[in-house]
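**Student:** Predicted model follows, preceded by the sequence.
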Amino acid sequence: MRIPTFRVLEKLDEYLRKNDFDSAKRHLLYWLEEAKMIKDNDGIMLVLNELIGLSRKVGDGEQAISYAEKALSLIEELNLISNVVAGTTYLNSATVYKAFNEPQKSIELFEKAKTNYEQNLSSKDERLGGLYNNMALTLVDLKEFDKAYEFYHKAIFVMQENEDKQPEQAITLLNIASAKESQLGLDFAKKEIDQLLIKAKELLEQCKERVDGNYAYTCEKCATVFGYYGDLEYQKILESRSRSINERT
């Protein structure tokens with residue numbers, strides 16, 4: 001027997017769109033118990049991964065790490081090491097440790113996720129792009145800049161192999177800009193940062209007619225970066241674009 005994963009995720013998305021995080025958590029905990037009751041191992045791992053992400057989203061580091069530890073322990077217990085669900089669990093757990101200032105633990109898990117994904121997924125799979133981008137963020141925290149740039153460019157390559165991934169490419173370019181500032185200082189990195197901002201803007205404008213939630217989120221996230229680097233006009237454009245999409249949906 002299996003829990004109805006499509007309905008579980010659909011209802012979760014509904015709560016998240018409303019920012020009703022308490023209901024989202026109750027919903028996931030209910031289905032976690034259901035999955036345990038019927039011994040649906042895939043369902044258990046899916047719900048735990050969603051709980052990891054939700055706890056990180058609301059800033060509950062202790063809870064996020066607790067769920068990550070449970071999920072990681074189940075990988076070996078359920079003999080899932082070679083399964084792609086293990087890679088996803090490593091990735092989600094690594095992102096949690098990165099978010100809560102444990103970059104060394106984070107990079108160890110990213111390495112495991114990388115090994116798993118590269119064995120199980122096509123080299124063009126967009127999940128690899130997300131992994132490489134997030135892995136690079138942790139490498140920047142560890143001051144391993146050359147390696148970080150390598151993974152940022154790998155992420156961009158994967159995104160270029162997929163349709164409609166301009167927003168994700170833009171975010172990665174802005175992440176590179178931030179890394180350049182961290183490595184060189186703002187004054188020495190300014191020329192490179194300006195070029196990266198231009199490229200990111202071009203990508204965001206290529207898909208400005210989009211009205212989906214992912215584009216709205218990207219606009220909101222990128223707006224802050226453009227504002228930080230002094231392009232207040234484009235910051236306002238992106239913020240307005242994001243609000244317009246969210247009000248429509």
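**Tutor:** Looks like it came in fine.

**Student:** Could you tell me which residues make contact with the residue lying closest to R241 once chain neighbours are set aside?
**Tutor:** Counting by CB to CB, 6 or more residues apart in numbering, the nearest residue to R241 once its immediate chain neighbours are dropped is C219, at 4.8 Å. Heads up, the C-betas are built off the backbone N, CA and C, glycines and all. Applying CB atoms under 8 Å, 6 or more residues apart in numbering, we find C219 in contact with L204, L238, E239, R241, S242, I245.

**Student:** element containing C219, please.
**Tutor:** Take DSSP states H and E as the rule and C219 turns out to sit in helix 213-228.

**Student:** now G130
**Tutor:** Going by DSSP H and E, G130 is in helix 126-141.

**Student:** Show me what counts as buried in that helix.
**Tutor:** Neighbour-count burial for helix 126-141 flags 126-141 (criterion: 16 or more other CB atoms under 10 Å).

**Student:** so how far is the longest helix anywhere in the chain from its chain's centroid?
**Tutor:** Longest helix in the chain by number of residues (criterion: DSSP state H): helix 186-206. With CA atoms, centre = their mean, to the nearest Å as the basis, helix 186-206 stands 22 Å off its chain's centre.

**Student:** Likewise for stretch 18-26?
**Tutor:** The mean C-alpha position of stretch 18-26 is separated from the chain mean by 19 Å, CA atoms, centre = their mean.

**Student:** Outline the domain layout of this protein.
**Tutor:** By the assignment in automatic domain parsing, the chain contains the domains 1-120, 122-249.

**Student:** would you list the ones you listed in JSON lines and tack on mean pLDDT?
**Tutor:** What follows is the domains of the chain, written out as JSON lines (pLDDT from 0 to 100):
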{"stretch": "domain 1-120", "mean pLDDT": "95"}
{"stretch": "domain 122-249", "mean pLDDT": "95"}
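
**Student:** so how far is the helix holding C219 off the chain centroid?
**Tutor:** Distance of helix 213-228 from the chain centroid (CA atoms, centre = their mean) equals 14 Å.

**Student:** Tell me the helix or strand right after that helix.
**Tutor:** Sequence order places helix 232-248 as the next helix or strand after helix 213-228, per DSSP H and E.

**Student:** quick one on the thing from earlier: now, which of the buried residues of helix 126-141 sits nearest S23?
**Tutor:** Among the buried residues of helix 126-141, G130 lies closest to S23 (CB to CB), at 26.6 Å.

**Student:** host element of the closest residue to G129 other than its chain neighbours?
**Tutor:** Leaving aside its chain neighbours, G129 sits nearest to V158 (3.6 Å; criterion: CB to CB, 6+ apart). Using DSSP H and E, V158 falls within helix 145-160.

**Student:** in the next helix or strand along the chain from that helix, what's buried?
**Tutor:** Following helix 145-160 in sequence order, the next helix or strand is helix 166-184 (DSSP H and E). Neighbour-count burial for helix 166-184 flags 166-181 (criterion: 16+ other CB under 10 Å).
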